[in-house]
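Undergrad: Structure for this input, please:
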Amino acid sequence: MKRNDILKTIWLLLFFSVVIFFLVLLFLNTIESQILSFIKVYGYIALFIFAILIDILVQPIGPEAGLITANILGLNNWAIIIISIAGTSIASLISYRIGKLFYLRLCKDNRCSKYLTFYEKYGKFGLLVSAMTPIPYVPFCWFSGAFGLPIKEFIYFGILPRILRIIIVSSAIGLFL
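TA: All right, here's what the predicted structure looks like:
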């Protein structure tokens, strides 16, 4: 695949990510009320599904929305933490794998070497920051897979900080609710 094709594919992926992000932002109140009613009806299963979807789609809602909703509804805080961790870990690995598939299709014969060098230098820290902050996390999972970040480093710089964030946020929510 030619360099122009690679760039077109990356831009197309980014374009759809931005469109989804703004659509979610536009309908945020409706989505939050749907999350509340979904978790209210289906409980822990809904929380698990929500945790997976939140970390597969690029959008401005973080895992805190499910944690807050589940706590408000009186679900067990430890169960909420475990289910959210399981969901976000599975979703992170799926996103990483999606990126890996793009890499295998687009970056044959070292055509992405410039991007790979950049990601090797700064990507781990971008992944770490996005896992712990409100910066969209999903694109960093894609890029980690796409640019060949070893799975061990992906777990250290992506999944473990994300788990720590869920534990901290859920504990703080538990204290105040």
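Undergrad: Tell me the buried residues in the one helix or strand S95 maps to?
TA: Using DSSP states H and E, the element containing S95 is helix 77-106. Residues of helix 77-106 classed as buried by neighbour count (16 or more other C-beta atoms under 10 Å): 77, 80-81, 83-85, 87-93, 95-96, 98-100, 102-103, 106. Just so you know, the C-beta spots here come from the backbone N, C-alpha and C atoms, and that holds for glycine as well.
Undergrad: Report pLDDT for the residue most central in space within the chain.
TA: Closest to where the C-alpha atoms of the chain average out (C-alpha atoms, centre = their mean) is D55, at 3.1 Å. Listed pLDDT for D55 reads 85.
Undergrad: so who does it touch?
TA: D55 makes contacts with P63, G87, T88, A91, S92, S95, Y137, V138, C141, R162, as judged by C-beta atoms under 8 Å, 6 or more residues apart in numbering.
Undergrad: Can you convert those residues into a markdown table and add a column each for pLDDT and distance to K8?
TA: Below are these laid out as a markdown table (pLDDT from 0 to 100; distance: C-beta to C-beta, whole Å):
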| residue | pLDDT | distance to K8 |
| --- | --- | --- |
| P63 | 80 | 32 |
| G87 | 94 | 33 |
| T88 | 93 | 31 |
| A91 | 94 | 27 |
| S92 | 94 | 27 |
| S95 | 91 | 21 |
| Y137 | 87 | 25 |
| V138 | 86 | 21 |
| C141 | 90 | 22 |
| R162 | 93 | 31 |
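Undergrad: quick one: which of these is nearest to I49?
TA: G87 (7.4 Å; C-beta to C-beta).
Undergrad: Now do the same contact list for that closest one.
TA: By C-beta under 8 Å, 6+ apart, the neighbours of G87 are L47, F48, I49, F50, A51, I52, I54, D55.
Undergrad: sorry, back to before: quick check: the residue nearest to the centre of the chain vs L36, distance?
TA: According to C-beta to C-beta, to the nearest Å, D55 and L36 sit 19 Å apart.
Undergrad: now Y96
TA: From Y96 to L36 the distance is 30 Å (C-beta to C-beta).
Undergrad: for P136, same thing?
TA: P136 is 23 Å from L36, by C-beta to C-beta.
Undergrad: right, and S130 touches W142 too?
TA: No - using C-beta atoms under 8 Å, S130 makes no contact with W142, being 11.2 Å away.
Undergrad: which intervals of this protein have sub-threshold pLDDT?
TA: In the predicted model of the chain, residues 1-7, 9-10, 13, 104-112, 115, 177 satisfy pLDDT under 70.
Undergrad: Now do the helices in it.
TA: 3-26, 28-42, 44-54, 64-72, 77-106, 113-132, 138-146, 151-154, 160-176 (DSSP state H).
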